[in-house]
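Engineer: Just a sequence and a predicted model for now, questions to come.
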Amino acid sequence: MDHPKKQISHVINLLCEGSPVDQKHALDTYFLPDASFTHPLCRVPSFSHVALPLIGEINSRWVIWMIYRWYKILSPRILLTVKCEEFNQKSQILFVEITQRFSPIYLPFYNPDVHLTTKLHLVQDSETQKYHIASQEDLYQTNELLRFVLPGGATLLWVWQLFATFLCIVGAVLLAPVTWVEQRQANVKGNGAQTML
């Protein structure tokens with residue numbers, strides 16, 4: 001990529017909405033051969049030059065391609081929108097906020113909109129000055145991840161989170177003397193530190 005912030009939407013569209021040939025082309029063009037991939041449900045560590053019987057020599061980019069192929073098999077119709085991109089030139093990290101409509105073949109009338117943030121670590125080729133993806137990390141909130149596998153799961157989690165919040169309030173009120181003791185100890189330590197100065 002010459003301009004990661006401008007081009008990343010196209011790359012993501014090729015990977016998620018494109019044909020298997022489009023996916024392979026995007027991976028070969030924009031990912032390093034030993035790129036890594038992290039998702040809450042799967043992981044590909046960085047590696048290269050591993051020989052497998054019947055398949056031949058593979059690298060981590062090939063495994064990432066298999067994940068994207070499986071993703072398209074699970075949901076042949078994926079619609080996505082890249083909402084926001086932030087590229088830090090110094091750290092060479094690109095953050096992308098994505099909304100995707102996932103239509104799993106195993107639940108024909110279920111089409112959840114799932115939100116995630118993808119963190120891409122880029123490296124710049126010293127000769128061509130083009131950026132390549134060295135690692136991809138997909139970051140999902142737990143409720144968003146549940147939308148992939150369990151209709152209504154996000155709502156159940158939401159109810160559980162509200163109940164857990166209520167329990168936090170009850171615990172904090174009932175055990176307030178514990179925080180009073182902690183604060184008293186902090187005040188004593190603070191006064192000791194001030195007298196030493």
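Structural biologist: Ah, there it is. Residues are numbered from 1 along each chain as shown.
Engineer: Can you tell me the centre-most residue of the chain?
Structural biologist: Asp138 (1.3 Å; Cα atoms, centre = their mean).
Engineer: what's the residue nearest to that one when sequence neighbours are not counted in contact with, if anything?
Structural biologist: With sequence-adjacent residues excluded and distances taken as Cβ to Cβ, 6 or more residues apart in numbering, Asp138 is closest to His39, at 4.6 Å. Every C-beta, even on glycine, is put in place using the N, C-alpha and C of the backbone. Listed by Cβ atoms under 8 Å, 6 or more residues apart in numbering, the contact set of His39 reads Ile67, Glu137, Asp138.
Engineer: just to revisit the earlier point, how near is the residue nearest to the centre of the chain to Leu120?
Structural biologist: 10 Å (Cβ to Cβ, to the nearest Å).
Engineer: Let me know the secondary structure of Val123.
Structural biologist: At Val123 the chain is in strand, as set by DSSP: H, G, I helix; E, B strand; the rest coil.
Engineer: Just give the number of residues close to it.
Structural biologist: Val123 has 14 neighbours, counted by other Cβ atoms under 10 Å.
Engineer: Let me see the domain layout of this protein.
Structural biologist: The record's domain parsing of the chain by automatic domain parsing lists 4-149, 157-196.
Engineer: What's the mean pLDDT across the longest one?
Structural biologist: Mean pLDDT, taken over the full extent of domain 4-149, equals 92.
Engineer: Work out the gap between that domain and the centre of the chain.
Structural biologist: Taking Cα atoms, centre = their mean, to the nearest Å, one finds domain 4-149 lying 9 Å from the centre of the chain it belongs to.
Engineer: Need the distance between the two termini of it.
Structural biologist: By Cα to Cα, to the nearest Å, the extent of domain 4-149 from end to end equals 32 Å.
Engineer: again, but for stretch 145-163
Structural biologist: OK, stretch 145-163 end separation, Cα to Cα: 20 Å.
Engineer: Which residues are in contact with Ile105?
Structural biologist: If a contact means Cβ under 8 Å, 6+ apart, then Ile105 has Ile73, Leu74, Ser75, Pro76 as its contacts.
Engineer: Could you pick out the buried ones from the residues you listed?
Structural biologist: Buried members of the contacts of Ile105, scored by 16 or more other Cβ atoms under 10 Å, are Ser75.
Engineer: Just give me the closest of the contacts of Ile105 to Asn59.
Structural biologist: Ile73 (21.8 Å; Cβ to Cβ).
Engineer: ok, for the closest one, nearest residue in space, not its chain neighbours?
Structural biologist: Counting by Cβ to Cβ, 6+ apart, the residue nearest Ile73 is Ile105, at 7.6 Å.
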